[in-house]
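Enquirer: Kindly generate the corresponding structure for this input.
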Amino acid sequence: MMMAEHELKSWPEHFEDVARGEKRFELRWNDRDFKRGDILFLREWQRGGTDEVVGAGKYTGRELRVIVTFIIRAGEDEPTYDALSKGWIVMSFKPFINSIGMSVQSGTSNVKVKEPSV
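Expert: Predicted structure coming up:
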C-alpha cells in the first residue's frame with residue numbers, strides 16, 4: 001500500500017497544539033481521499049486580513065509531519081457517525097517515524113518543528 005503525503009495549512013493555534021503534543025487529531029473536508037498511513041505535512045499558516053478573504057495570509061516557515069493512524073468518515077463507518085456531515089472526516093495521528101526507525105520528531109512533546117531560517 002502506497003502512502004501519500006498531503007501538504008496542509010495549519011492555523012497557528014492548532015499548529016502549536018500539535019507541536020506541543022496536545023492535539024492528536026484533525027477534522028478535515030475529505031477532498032484528498034485521506035487514508036491510514038498517509039503523512040500530513042503541516043505548515044503553519046498565518047491568516048491575513050479578514051477570514052472572508054480566501055488565500056489572504058502567509059506561511060510562517062514552521063512545519064512538521066505526522067502520520068495518520070485512524071480515520072472516521074461521516075456515514076461510511078459502522079456505526080455511522082451522524083455528528084459528521086457527509087464529506088468530513090476525523091483523523092488521529094502520531095509523530096512520523098521514517099523507514100529506518102528514526103523519529104523525525106524530537107523534544108519533550110516528541111514533535112520536531114522546523115523553524116524558519118533567519
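Enquirer: tell me which element residue 64 is part of?
Expert: Assigned by DSSP states H and E, residue 64 falls within strand 57-73.
Enquirer: quick one, phi/psi of residue 12?
Expert: With angles defined as degrees, to the nearest 10, residue 12 sits at phi -50, psi -40.
Enquirer: The one 5 residues further on now?
Expert: Geometry field for residue 17 lists phi and psi as phi -60, psi -40, criterion degrees, to the nearest 10.
Enquirer: Now do the contacts for it.
Expert: Residues counted as contacts of residue 17 (C-beta atoms under 8 Å, 6 or more residues apart in numbering) are residue 23. (Glycine included, C-beta is placed from N, CA and C.)
Enquirer: And for the one 10 residues further on?
Expert: In this structure, residue 27 makes contact with 88, 89, 90, judged by C-beta under 8 Å, 6+ apart.
Enquirer: Quick check: the gap between residue 84 and residue 74.
Expert: Counting by C-beta to C-beta, to the nearest Å, the gap from residue 84 to residue 74 is 4 Å.
Enquirer: which residues of the protein fall in helices?
Expert: Using DSSP state H, the helices assigned to the chain run over residues 12-19.
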